[in-house]
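Q: Using only what follows, build the 3D model:
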Amino acid sequence: NQQIGAKGASGLGSALSKCINLSNLTLDLYNNQIGEEGASGLGSALAKCINLSNLTLSLYGNQIGATGASGLGSALAKCINLSNLTLSLGGNQIGATGASGLGSALTKCINLSNLKLNLYNNQIGATGASGLGSSLAKCINLSNLTLDLYGNQIGATGASGLGSALAKCINLSNLTLYLKYEQIGVKGISGFGSALANCINLSNLTLDLSSNQIGVTGASGLGSAIAKCINLSNLALDLSNNLIGATGASGLGYALAKCINLSNLTLNLYENQIGVEGTSGLGSALAKCINLSNLTLSLGYNKIADDGASGLGSALAKCISLSNLTLDLVNNQIGATGASGLGYALAKCINLSNLALVLCNNQIGETGASGLGSALAKCINLSNLALNLYGNQIGATGASGLGFALAKCINLSNLTLLLGNNQIGATGASGLGSAIAKCINLSNLTLELKQKQFIYFGL
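A: The predicted model follows:
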C-alpha cells in the first residue's frame, strides 16, 4: 500500500512549511486516502508558507468530505499573499456544506486574483452551487475564474443562483464554467443567462453547457444574454446535445452577431437536430460578425446535407476578417455537391491562412474529393491545411484528384491529410504521393491512409 494517508499528508505539509522562501508550489496527492484529517492538516501546514503566492493543489479522490473541504479552505485563507490558486477536489463527496464552507473561506484570500476550482462529482447540488457563488462574489480582486461543477446536479435553481452571484464579481474579466450534465433546463439557463448579462467587464468567456436540455428558447435566450457582454472578444460555447433545433441555432447565431467586438469564437452544436435550415441561419448570422478572425464551428451529427454545407460555406465567405477556421461537419449526410460547394465558397475567404476541415463519415465520393481539392487550391493565402475525409468512399481516383488539386496550393507549408477507410489502394496512394511531391513549399506533412480490418471466423 503506497497511499500516504492522513499522517503522510500532514507530515508532508509540515515539512514544506519550513521552506521559508517558497513562493510557487504544485502538489498532486491524487487518490491517497488522506481524508478530512489529512486535508485540514495539510492546509494548516501550508498556511505557514508566508511567501506562497502561487499554489496548485490536487486532492482528487481522497474522501475529504465537507469537513475536510471547509478545513482546507479555512487554512488556505491564512495564506495572505496567495494570488493564484488552482484547487482540484473532484470526487470527494464534499456536498453542499463543503462547497459553501470552502467558498466562505476563500473570500478571506484578499489578494486572490486567479482561481481555478475543480469540484466535479461532489454532490453539491443547487444549495452548494448558489452558496459557493455567493462567496466567490465577495472576492473583490478576482479577475480570472475557472469553475468545474460537472456532475453535481445543480439543476435550474443552482444555475440561476450561481449566475446571479457571479454577476456581482465586478472585476471579473475571464470566466470559464463547466456545467455539463447538470439538468439545468430552459428555466435554469434563462436565469443564468439573465445574470450573466450583467457581467459587463467580461472579455473572455468559456461555457460548457452540453447535455442540459436547454432547448430552442434556452439557446436563443442565452445568446441574447451573452450579446449584452459588450466587451466580449473571446467566446467558447459548448451546447452539444441540447435539442436546440433549427430555430435555436438561428436565434443563437443572430444574438451572437451583436457581439461587435468578438474576434475569436468556438461553438459546439453537436447533435442538436439543426438541419439545413438551422445551419444556413447560423451561418448567415455569423457572417455579420465583422471582426471575427478565428472560428471553430462543430456541427457534427446534425443532418445538414449538401444544401446546409454549401449554404454555410457561402455565409462564412462573408466573414472578411476570417484567417483561421476549423469546421467539423462529421456524419452529416454531405455528398459530392455539398463538399465541392463548401470548398468553392471557402475559397472566397481571401484572408484564410489556416483551415481544418473535418468531413469524415459523409458520402462525398471521388467526385467530391476532387472538387473539394480544386476549390481549396484557389485559397491563395492558405499555408496550413488539415483535411479529415475518413470514411468517404473517395477511392483511388478521388485520392489522386485531391492530391493534384492541392499541389496547386503554392503557399501550402503544413498539410495533414486523414484519408483512412477510403479504399484508395495502391494506385490511389501512388497518385496521391506523386501529386503531393509537387507542393514545392511543403515542409510538414502528416498522411494517414489506414483501413479497417475485418477478421473472418470460418465455421
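
Q: wouldn't Gly65 be in contact with Thr97 here?
A: No. Under the criterion of C-beta atoms under 8 Å, Gly65 is not in contact with Thr97, lying 9.1 Å apart. For the C-beta atoms, the positions are set from N, CA and C on the backbone; glycine is no exception.

Q: and the helix or strand hosting Leu205, how far from the chain's centre?
A: For Leu205, the element it lies in under DSSP states H and E is strand 204-208. Here strand 204-208 shows a centroid-to-chain-centroid distance of 8 Å under the convention C-alpha atoms, centre = their mean, to the nearest Å.

Q: Paired strands for that strand, with orientation please.
A: Pairing partners of strand 204-208, with direction, according to DSSP bridges: strand 174-178 (parallel), strand 234-238 (parallel).

Q: neighbouring contacts of the first one?
A: Applying C-beta atoms under 8 Å, 6 or more residues apart in numbering, the external contacts of strand 174-178 come out as 120, 143-150, 166, 199, 202-208.

Q: returning to that earlier point: mind putting the strands paired with strand 204-208 in a markdown table, mean pLDDT included?
A: As requested, those are exported to a markdown table (pLDDT from 0 to 100):
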| stretch | mean pLDDT |
| --- | --- |
| strand 174-178 | 98 |
| strand 234-238 | 99 |
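
Q: Ile364: which of the ones you listed is closest?
A: Between Ile364 and the strands paired with strand 204-208, the tightest spacing by C-beta to C-beta is seen for strand 234-238, at 26.8 Å.

Q: Tell me the first helix or strand C-terminal of that closest one.
A: helix 245-256.

Q: Show me what that following helix is packed against.
A: Applying 3 or more C-beta pairs under 8 Å, 6 or more residues apart in numbering; DSSP states H and E, we find helix 245-256 packed against helix 215-226, helix 275-286.

Q: Any chance of CSV for those, columns mean pLDDT?
A: Below are these laid out as CSV (pLDDT from 0 to 100):
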stretch, mean pLDDT
helix 215-226, 96
helix 275-286, 96
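
Q: so can I have CSV of those showing distance to Leu387 and mean neighbour count?
A: Shown next, in CSV, are these (distance: least, C-beta to C-beta, whole Å; neighbours: other C-beta atoms under 10 Å):
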stretch, distance to Leu387, mean neighbour count
helix 215-226, 30, 23
helix 275-286, 20, 23
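
Q: closest one to Ser323 among these?
A: Of all the helices and strands packed on helix 245-256, helix 275-286 comes closest under C-beta to C-beta, at 14.9 Å.

Q: Can you tell me which helices and strands the closest one packs against?
A: Applying 3+ C-beta pairs under 8 Å, 6+ apart, one finds that helix 275-286 contacts helix 245-256, helix 305-316.

Q: Tell me which of the ones you listed sits nearest to Gly391.
A: Comparing these against Gly391 with C-beta to C-beta, the closest turns out to be helix 305-316 (16.3 Å).

Q: roughly how far out does that closest one sit from the chain middle?
A: 24 Å.

Q: Stretch 211-221 now?
A: Centroid separation for stretch 211-221 versus its chain: 18 Å, with C-alpha atoms, centre = their mean.

Q: check contacts around Leu76.
A: Counting by C-beta under 8 Å, 6+ apart, Leu76 has contacts Gly43, Leu46, Ala47, Leu55, Leu82, Leu85, Ala105, Leu106, Cys109.

Q: quick check, the fourth one in a helix?
A: No. Secondary structure assignment places Leu55 outside any helix; it is strand (DSSP: H, G, I helix; E, B strand; the rest coil).

Q: ok so, going back, would you format the strands paired with strand 204-208 as TSV with distance to Ala435 included?
A: Shown next, in TSV, are the strands paired with strand 204-208 (distance: least, C-beta to C-beta, whole Å):
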stretch	distance to Ala435
strand 174-178	43
strand 234-238	36
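
Q: got those strands as TSV, with mean neighbour count columns?
A: Below are the strands paired with strand 204-208 laid out as TSV (neighbours: other C-beta atoms under 10 Å):
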stretch	mean neighbour count
strand 174-178	19
strand 234-238	19
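
Q: Between these, which one is closest to Lys116.
A: So among the strands paired with strand 204-208, strand 174-178 is nearest, using C-beta to C-beta, at 8.2 Å.

Q: Can you dump the C-alpha atoms of the closest one in CSV for me?
A: These are the backbone C-alpha positions of strand 174-178, laid out as CSV (Å, rounded to 0.1, in the frame of the first residue of the first chain):
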residue,chain,number,x,y,z
ASN,A,174,-12.1,35.9,-17.7
LEU,A,175,-14.7,33.3,-16.8
THR,A,176,-14.7,29.5,-17.6
LEU,A,177,-17.6,27.4,-16.4
TYR,A,178,-18.0,23.6,-16.9
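
Q: Could you tell me how far that strand lies from the centre of the chain?
A: With C-alpha atoms, centre = their mean as the basis, strand 174-178 stands 10 Å off its chain's centre.

Q: ok, now stretch 14-28?
A: 33 Å.

Q: what distance separates the start and the end of that stretch?
A: 16 Å (C-alpha to C-alpha, to the nearest Å).

Q: in that stretch, what counts as buried?
A: The neighbour-count check on stretch 14-28 (16 or more other C-beta atoms under 10 Å) flags Leu16, Ser17, Leu22 as buried.

Q: and what of stretch 299-318?
A: So, applying 16+ other C-beta under 10 Å, buried residues of stretch 299-318: 299-302, 304-318.

Q: if we can go back for a sec, let's see which of the buried residues of stretch 14-28 end up in helices.
A: Leu16 (DSSP state H).

Q: In TSV, list the buried residues of stretch 14-28 along with pLDDT and distance to Leu252.
A: Formatted as TSV, the buried residues of stretch 14-28 follow (pLDDT from 0 to 100; distance: C-beta to C-beta, whole Å):
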residue	pLDDT	distance to Leu252
Leu16	94	48
Ser17	92	50
Leu22	95	47
